[in-house]
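J.: With the sequence up front, the predicted model follows.
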Amino acid sequence: MTTPSTPLRVSLVNGSFESPAVSGFEILPDASQPQARKFVPGWRTTATDHMVELWRTGFNGVPSIDGQQFAELNANQVSTLYQDLPTTPGTKLYWRLFHRGRQGRDTMALDIGPVNAPVEQGRFTDGNTAWGRYTGTYVVPAGQTLTRFAFRSVSAAGGNQGIGNFLDGIFFGTAPRVELTKIAVPQGPLDVGDVLTYRVTARNEGGGPAENLVLTDVLPEHTTYVPGSLRIVDGPGAGAKTDARGDDQAYYDAAARTVFYHLGAGANATVGGSLANTADLPDGSTIEYRVRIEKSGRWHTAREHGAGDVREPAGRSARTAHRDLRRGGHGGQSGRRPQPRQVRRPHERDRGADGHVPDHGAQRGAEQGDGRRRRRPAAREPRLPLRQGAPRELGRRGGAVDGR
């Protein structure tokens, strides 16, 4: 078997036990019984009846800690609840869990490893008055391409084998990795006074959700912000936003010439939210704002060859900050920065009385990616710089970001 060159994205299915929805509590078939009218996706149990118990928050006075539902490890039997996930050897995985007793102090073990012999990572004992929170990491050993993540019942207060060990808010997987794509419309030559719309899309291509997500974008040189143009186009909290700070999820900082957006589920005027990975939120979250081209300044174009909108990677301008994963650490950022095309800049002496640059004939552009050279038309008009750099990938590597 060939090992993938990059780690597989690893993420649990139904980690917070939100599916299927139940009222009160229900004991349902596990994921090995998909033919059942109603079953629990993702999770399997070693219990011989293959049943899993889910509770709705507030049932018998017990609140969930994450979402609206949680699970009880012991349904009808003392058992192990688990998922088997494809993994890449050498990958660092992160885990988080919440545990609570039912009738008193319950104890369970966390086992991670090969499916036929997972290794105990720790034991957790909690009473029935509060949820205990636990986190850790696991590095996939050489040759292990399928990893079991399992909760094993050790003991429960009261001695009833069908009672004990509540679980909620489970995470096991790779770190979040937020990738940004930026487009600018309209494409092509732009005159002084024209309005340009920028759209930036943030997608989480990692395993865990990107927490406390804040996206910022600095206005290009020789442009001014168009008041009232902040908007979250799609994703959580979609809609128009005001320019002022502190009254919704976005604002414009005139001194810094920067737009700010708090993105993801749960985002508000003071903090960013949680951006799920693309398995759960394929389109991510998209923002937009507008700028007007100023009279002053000289511009050069970096227009993409071909039809359609200019697809502009995020580069130095757009960036995100987020708290990484379930451990409360910082996310980082890295990226590939291709060499920009070199394009002749119109010199001030080239401009006519109307501010336009006369046509001095065809000129040759820079080399393309394959080393060949192609002809570029002469710069006829001042144009806005549309390309700012390369898309960034944000994860745990390098770079300081917000979120503590």
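T.: Okay, I see it. Numbers count the residues shown, from 1 in each chain.
J.: name the element the closest residue in space to Ala318 that isn't next to it in sequence belongs to?
T.: Closest residue to Ala318 apart from its sequence neighbours, by C-beta to C-beta, 6 or more residues apart in numbering: Asp217 at 4.3 Å. Where you see a C-beta, it was placed from the backbone N, CA and C, and this is true even at glycine. Asp217 is part of strand 210-218, with elements assigned from DSSP states H and E.
J.: Pull the number of nearby residues for the residue nearest to Pro209 when sequence neighbours are not counted.
T.: Nearest non-adjacent residue to Pro209, counting by C-beta to C-beta, 6+ apart: Ser274, 4.5 Å away. Residues near Ser274, counting by other C-beta atoms under 10 Å, number 20.
J.: any idea which helix or strand comes after the helix or strand where Ser274 lies?
T.: Taking DSSP H and E as the criterion, Ser274 maps to strand 273-275. With elements assigned by DSSP H and E, the helix or strand that comes after strand 273-275 is strand 285-293.
J.: which residues does the residue nearest to Pro209 bridge with?
T.: With DSSP bridges as the criterion, Ser274 is bridged to Ala265.
J.: and it, what pLDDT?
T.: With respect to pLDDT, Ser274 scores 95.
J.: quick one: it from Ala210, how far?
T.: When distance is defined by C-beta to C-beta, to the nearest Å, Ser274 is 7 Å away from Ala210.
J.: Name the residues contacting each of those two.
T.: Residues touching both Ser274 and Ala210 by C-beta atoms under 8 Å, 6 or more residues apart in numbering: Gly264.
J.: coming back round to it: how about the residue nearest to Pro209, what does it touch?
T.: Counted by C-beta under 8 Å, 6+ apart, Ser274 has contacts Pro209, Ala210, Glu211, Asn212, Leu213, Gly264, Ala265, Gly266.
J.: 10 Å instead?
T.: When contacts are counted by C-beta atoms under 10 Å, 6 or more residues apart in numbering, Ser274 touches 176, 204, 208-213, 236, 263-267, 322-323.
J.: In this structure the residue nearest to Ala318 contacts Arg290, no?
T.: No. With contact defined as C-beta atoms under 10 Å, Asp217 does not count as touching Arg290 (12.0 Å).
J.: Just want to know which of the two has more residues nearby.
T.: Taking other C-beta under 10 Å, Asp217 and Arg290 do not tie; Asp217 has more neighbours (22 against 17).
J.: Give me the local confidence score for that one.
T.: 97.
J.: can you pull the contacts of it?
T.: 180, 182, 198, 200, 257-261, 287, 289, 314, 317-320, 388.
J.: Over to Trp43?
T.: 12-15, 17, 30-32, 52, 54, 71, 81-83, 151, 167, 170.
J.: measure it to Val214 for me?
T.: Trp43 is 33 Å from Val214, by C-beta to C-beta.
J.: What of Pro176?
T.: Distance from Pro176 to Val214, by C-beta to C-beta: 14 Å.
J.: Name the residue in these two with the higher neighbour count.
T.: Pro176 (28 against 22).
J.: So Asn60, which state does it fall into?
T.: helix (DSSP: H, G, I helix; E, B strand; the rest coil).
J.: can you give me the strands for the stretch 1-150 of the chain?
T.: Secondary structure of the stretch 1-150 of the chain (DSSP state E, counting those that start in this stretch): strands at 25-29, 44-45, 51-56, 69-72, 80-86, 92-100, 106-114, 119-126, 132-139, 146-155.
J.: and the fifth one, average pLDDT?
T.: Taken as a whole, strand 80-86 has an average pLDDT of 97.
J.: in that strand, what counts as buried?
T.: Thr80, Leu81, Tyr82, Gln83, Leu85 (16 or more other C-beta atoms under 10 Å).
J.: Max pairwise distance over the residues you listed: which two?
T.: Spatial extent of the buried residues of strand 80-86 (C-beta to C-beta) is set by the pair Thr80 and Leu85 at 15.4 Å.
J.: Quick check: which ranges of the protein have low pLDDT?
T.: For the chain, the stretches with pLDDT under 70 are 1-7, 295-317, 322-404.
J.: Spell out for me which residue occupies the centre of it.
T.: Asn204 (2.8 Å; C-alpha atoms, centre = their mean).
J.: Dig out what that residue forms beta bridges with.
T.: What pairs with Asn204, by the bridge criterion (DSSP bridges), is Val178, Asn277.
J.: My guess is it contacts Gly173. True?
T.: No. Using C-beta under 10 Å, Asn204 is not in contact with Gly173, being 11.7 Å away.
J.: Touching both of those two, which residues are there?
T.: Residues within reach of Asn204 and of Gly173 at once, by C-beta under 10 Å, 6+ apart, are Arg9, Asn277.
J.: bridging residues for Ala109?
T.: Ala109 has these beta-bridge partners by DSSP bridges: Arg123, Arg152.
J.: which residues touch it?
T.: Ala109 neighbours (C-beta under 10 Å, 6+ apart): Thr80, Pro118, Glu120, Gln121, Gly122, Arg123, Phe124, Ala150, Phe151, Arg152, Ser153, Val154.
J.: Pull the number of nearby residues for the last one.
T.: Residue crowding around Val154 was assessed by other C-beta under 10 Å; the count is 17.
J.: Distance-wise, check it relative to Gly235.
T.: Taking C-beta to C-beta, one finds Val154 at 42 Å from Gly235.
J.: what's the answer for the third one, then?
T.: Computed as C-beta to C-beta, the Glu120 to Gly235 distance reads 40 Å.
J.: which of these two has more neighbours?
T.: Gly235 (23 against 13).
J.: just to revisit the earlier point, switch the strands of the stretch 1-150 of the chain over to JSON lines; also include distance to Lys38.
T.: Formatted as JSON lines, the strands of the stretch 1-150 of the chain follow (distance: least, C-beta to C-beta, whole Å):
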{"stretch": "strand 25-29", "distance to Lys38": "6"}
{"stretch": "strand 44-45", "distance to Lys38": "16"}
{"stretch": "strand 51-56", "distance to Lys38": "10"}
{"stretch": "strand 69-72", "distance to Lys38": "13"}
{"stretch": "strand 80-86", "distance to Lys38": "18"}
{"stretch": "strand 92-100", "distance to Lys38": "24"}
{"stretch": "strand 106-114", "distance to Lys38": "26"}
{"stretch": "strand 119-126", "distance to Lys38": "29"}
{"stretch": "strand 132-139", "distance to Lys38": "30"}
{"stretch": "strand 146-155", "distance to Lys38": "22"}
